[in-house]
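[1] Turn this into a model:
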Amino acid sequence: MKSYCITEYGGPLELVEGETPKPEGDEALVEILGCGVCHSDVHIWEGYFDLGGERKADLAGIHQLPFTLGHEIAGKVVALGNSASGASIGDTVVVYPWIGCGECVHCQSNQEQLCGRPRNLGINLAGGYSTHVVVPHGRYLFAIGDTLPELAATYACSGLTAYGALKKLKSKAEGKSLVIIGAGGVGLAGVMIAQAMMETEIVVVDIDADKRQAAIEAGARHAVDPADANARKQLYKLTGGAMAVADFVGSDKTVAFGFGVLATGGELVVVGLFGGAVDLSVPMFPLKSLTVMGSYVGSPEEMGELMAMVMEGEIKPLPVATRSLEQADATLRDLVEGNIVGRVVLTP
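    Sure, this is the predicted structure:
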């Protein structure tokens, strides 16, 4: 088995070779056909999340180096443990990576992504920048039908994250407008998925002209540059005041911007993990009856809902570029520099 691993936080990913693991008990071994490179991987590679005010959430303690990144995984089941169920050898699948302990209140209510003792692939357990990955149980494997594996991989995070956030906003956006902040991999997935989920006019906000153009080509009705001095006025003119805003960047600047364009009764869902801290006017919450909430990926049930829509052909495909597994380090650095439009998927 070949894997590209963190051996030093912030340092180059290095090739680590070893024996291909054998699944035990309920486990399934998946030969990887595609693994998406996600901006969350950047934070794990750096070893922290930026909490603002020079505070950091240290991630170093959850890993034993070398550690394999990658949580957007699609591949073929090639081996099963002796008590495995829910999958068969030869199945081509996308892997649900947001795996919990199986015992807590969140796991028991089918919200494993919220588990306080997570076993997330590519975050807590070895992930997909590799030729193979061990999945704890077949229930985390979802059929992809005729979907190309390199596209299917993106639904494990960028797709599921967008879907989970948009479900929270659907009642506010239906028949009105939906503001999407950020047209990176997750934001573009949001543009695609929103069109399949609801009748709404999509307005995308991004500082990058290429990404704004990609959003228009993906189906957004309008695209706004938040660096423009008149950006908020433009949004008000387009929406009459935003009732539904999804922030797929999650920085202090984007959260402040999203909050500032909400109409009375509006909702802002913060999805991205770029980082920072923000001051918000407390009286505006009750005076305008505003809601600000977070959204973290999605549940196994939502993964099933999403993949059913994908296999029915209801969702336009996200622009995906493929690179060899050997380009894992270079791809991660391109993501840091903002040089990627859509998603890059590593293909071992």
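
[2] can you count the residues close to the closest residue to N124 other than its chain neighbours?
    Counting by CB to CB, 6 or more residues apart in numbering, N124 lies nearest to P118, which is 5.4 Å off, once chain neighbours are set aside. Where C-beta positions appear, they are placed from N, C-alpha and C, glycine not excepted. Here the count is done by other CB atoms under 10 Å, and P118 has 20 residues near it.

[3] give me every residue that touches P118.
    W98, I99, G100, C101, N124 (CB atoms under 8 Å, 6 or more residues apart in numbering).

[4] Which members of those residues are the farthest-apart pair?
    W98 and C101 (12.1 Å; CB to CB).

[5] Give me the more crowded residue out of the two.
    More crowded of W98 and C101, by other CB under 10 Å: W98, with 26 against 14.

[6] Specify the local secondary structure of that one.
    Classification of W98 by DSSP: H, G, I helix; E, B strand; the rest coil places it in coil.

[7] That one and N120 touch, don't they?
    Yes. With contact defined as CB atoms under 8 Å, W98 reaches N120; the gap is 5.6 Å.

[8] Need the overlap of contacts for the two.
    Residues touching both W98 and N120 (CB under 8 Å, 6+ apart) are H71.

[9] And the strands in the stretch 201-348 of the chain?
    Secondary structure of the stretch 201-348 of the chain (DSSP state E, counting those that start in this stretch): strands located at 201-205, 222-224, 242-247, 262-270, 291-294, 320-324, 343-347.

[10] which of the ones you listed sits most buried?
    Comparing those by mean neighbour count (mean count of other CB atoms under 10 Å), strand 242-247 comes out on top with a mean of 27.

[11] what about it, average pLDDT?
    What strand 242-247 shows for mean pLDDT is 98.

[12] Stretch 202-214 too?
    Here the average pLDDT along stretch 202-214 is 96.

[13] Do me a favour and get the end-to-end distance for that stretch?
    Using CA to CA, to the nearest Å, one end of stretch 202-214 lies 13 Å from the other.

[14] List of residues touching it?
    Under the contact criterion CB under 8 Å, 6+ apart, stretch 202-214 has outside partners 177-184, 187-188, 191, 194-195, 215-216, 219-227, 231, 235, 238-239, 242, 254, 257, 319, 338, 341-342.

[15] Run the chain-centre distance for that stretch.
    18 Å (CA atoms, centre = their mean, to the nearest Å).

[16] For the nearest residue to M197 once chain neighbours are set aside, give me its contacts.
    The spatially closest residue to M197, leaving aside those adjacent along the chain, is L166, at 5.8 Å (CB to CB, 6+ apart). Taking CB under 8 Å, 6+ apart, we find L166 in contact with A173, L178, G190, I193, A194, M197, M198, A246.

[17] what about the stretch 51-200 of the chain, any weak spots by pLDDT?
    Applying pLDDT under 70 to the stretch 51-200 of the chain flags no residue at all.

[18] What ranges does it have for its helices?
    For the stretch 51-200 of the chain, the helices defined by DSSP state H, counting those that start in this stretch cover 105-108, 149-152, 158-173, 185-197.

[19] show me where the stretch 51-200 of the chain has strands.
    Going by DSSP E, counting those that start in this stretch, the stretch 51-200 of the chain shows strands at 55-58, 67-68, 72-80, 92-95, 132-135, 141-143, 177-181.

[20] From E103, how far out is A84?
    Distance of A84 to E103, computed by CB to CB, to the nearest Å: 20 Å.

[21] Please apply the same query to P286.
    Distance from P286 to E103, counting by CB to CB: 39 Å.

[22] For the nearest residue to V133 once chain neighbours are set aside, what are phi and psi?
    Leaving aside its sequence neighbours, V133 sits nearest to V30 (CB to CB, 6+ apart; 5.3 Å). Dihedral angles of V30 (phi, psi; degrees, to the nearest 10) stand at phi -110, psi 130.

[23] so who does V30 touch?
    V30 neighbours (CB under 8 Å, 6+ apart): I73, G75, K76, V77, V78, V93, V95, H132, V133, V134, V135, L141.

[24] Those, buried ones only, as a ChimeraX selection?
    Filtering the contacts of V30 down to the buried ones (16 or more other CB atoms under 10 Å) takes a single ChimeraX command:
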select :73,75,77,93,95,132,133,134,135,141
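
[25] would you turn the contacts of V30 into a markdown table with distance to E54?
    Shown next, in a markdown table, are the contacts of V30 (distance: CB to CB, whole Å):
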| residue | distance to E54 |
| --- | --- |
| I73 | 34 |
| G75 | 40 |
| K76 | 46 |
| V77 | 46 |
| V78 | 46 |
| V93 | 42 |
| V95 | 36 |
| H132 | 40 |
| V133 | 36 |
| V134 | 38 |
| V135 | 38 |
| L141 | 42 |
